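> Mind folding the following:
(chains A, B, C and D, ligands or ions: 4)
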Number of protein chains: 2
Amino acid sequence: MATLAERPRLDDVLEDLGYRMTPPRRLLARLLGNKAGSFSAEAIIEELPTVGRATVYRTLKLLVDAGILCKTALPDGAPRYSFDDARHHHHVICANCGKVEEFRKPVVERLLRAMAKEVGGAVVGHRVELYITCADCL
Amino acid sequence: MATLAERPRLDDVLEDLGYRMTPPRRLLARLLGNKAGSFSAEAIIEELPTVGRATVYRTLKLLVDAGILCKTALPDGAPRYSFDDARHHHHVICANCGKVEEFRKPVVERLLRAMAKEVGGAVVGHRVELYITCADCL
DNA sequence: GCCATAAGTGATACAACATATCACTACTGA
DNA sequence: TCAGTAGTGATATGTTGTATCACTTATGGC
Ligand SMILES: [Mn+2]
Ligand SMILES: [Mn+2]
Ligand SMILES: [Zn+2]
Ligand SMILES: [Zn+2]
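Ligands and ions are numbered 1, 2, ... in the order given. Sure, this is the predicted structure:
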């Protein structure tokens, strides 16, 4: 996960992408900017009762599409959002508390690319997730 | 995916697990037994209008827990069910038509296990999915 | 600074994919 | 045969969104 220090300011990001700066977006930018770890969309909705559900989901999607946030899932499929860094990567997820860390493993990437050739058809992507019980949760 | 020939008879499986043989389960066993590729729960519900939604979902879960079916997801998260084989494996999924194939890659397993040690905490599992556009869809 | 207008908003409805309840039914083993 | 429990399905509810649409507002051009 990107540390708070190296994170882009969300309102700058949205503005740079050509989106308008509105009060709901400022509220979201401020709230998300201080989030550590991963969070659910519904948690954000509860924390910002003045912002509509649709707006929260729309903005989260904007940020995911912009590569600022990642959308992952717990083993049971429950979606989680977390900050992204720019490079291709995968996630280590605590199945208990939902904390998300990123990892890169070039060897794994190479192997998956290699395997792709054995498979008929064109590879369009892959997903790798490692589930743990984190040190804090043990 | 297990070929039809080597597939266990679903009603036998359920009976062996100690479940009762009821008309809905017989209908489900017959329908699923003839399914190729992957399918959605909702498709089954439509094809068996006399069987309740809850029963379909309950039985699918039973079969997943019994290791007879796998539950996977398309890249957009839409759940798919397909026949499983007994060994640990992962999936190659056509993002277009939903066809599911299984694969095993011991090297990848070993690498993920190795990586697990670098991570603080106890590893409880992993997920690897390869998304393709299959030959038929190209 | 004003203004037109396109972008954004939020209430609400709807959708997909389930799970919880609960009164009823029917397998099953004794 | 029959009691007891497993199973059923109608229905309500939950989660995670997307679609609509009338309304509001941020913004760039003047
Ligand atoms: Mn990868
Ligand atoms: Mn594996
Ligand atoms: Zn944890
Ligand atoms: Zn296909």
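
> partners of the longest strand belonging to chain A in the sheet?
If you go by DSSP state E, chain A has its longest strand at strand A:122-133. Paired strands of strand A:122-133, with direction, are strand A:90-94 (parallel), strand B:122-133 (antiparallel) (DSSP bridges).

> The residue of chain A found nearest ligand 4 - how many residues pack around it?
For chain A, the residue closest to ligand 4 is residue A:121, as judged by CB to the ion, at 7.1 Å. For the C-beta atoms, the positions are set from N, CA and C on the backbone; glycine is no exception. Burial of residue A:121 is recorded as 20 neighbouring residues (other CB atoms under 10 Å in any protein chain shown).

> Kindly tell me how buried the residue nearest to residue A:136 when sequence neighbours are not counted is, as a neighbour count.
Spatial nearest neighbour of residue A:136, chain neighbours left out: residue A:97 (6.8 Å); criterion: CB to CB, 6 or more residues apart in numbering or on different chains. By other CB under 10 Å, 14 other residues sit near residue A:97.

> now the one 3 residues further on
Counted with other CB under 10 Å, the burial measure for residue A:100 works out to 23 neighbours.

> buried residues in the longest strand of chain A?
Buried residues in strand A:122-133, counted by 16 or more other CB atoms under 10 Å in any protein chain shown: A:123, A:126-132.

> tell me the mean pLDDT for that strand?
Per-residue pLDDT over strand A:122-133 has a mean of 86.

> what comes into contact with that strand?
Applying CB atoms under 8 Å, 6 or more residues apart in numbering or on different chains, the contact partners of strand A:122-133 are A:72-75, A:90-96, A:103, A:108, A:112-113, A:116, B:75, B:95, B:112, B:115-116, B:119, B:121-133, B:138.
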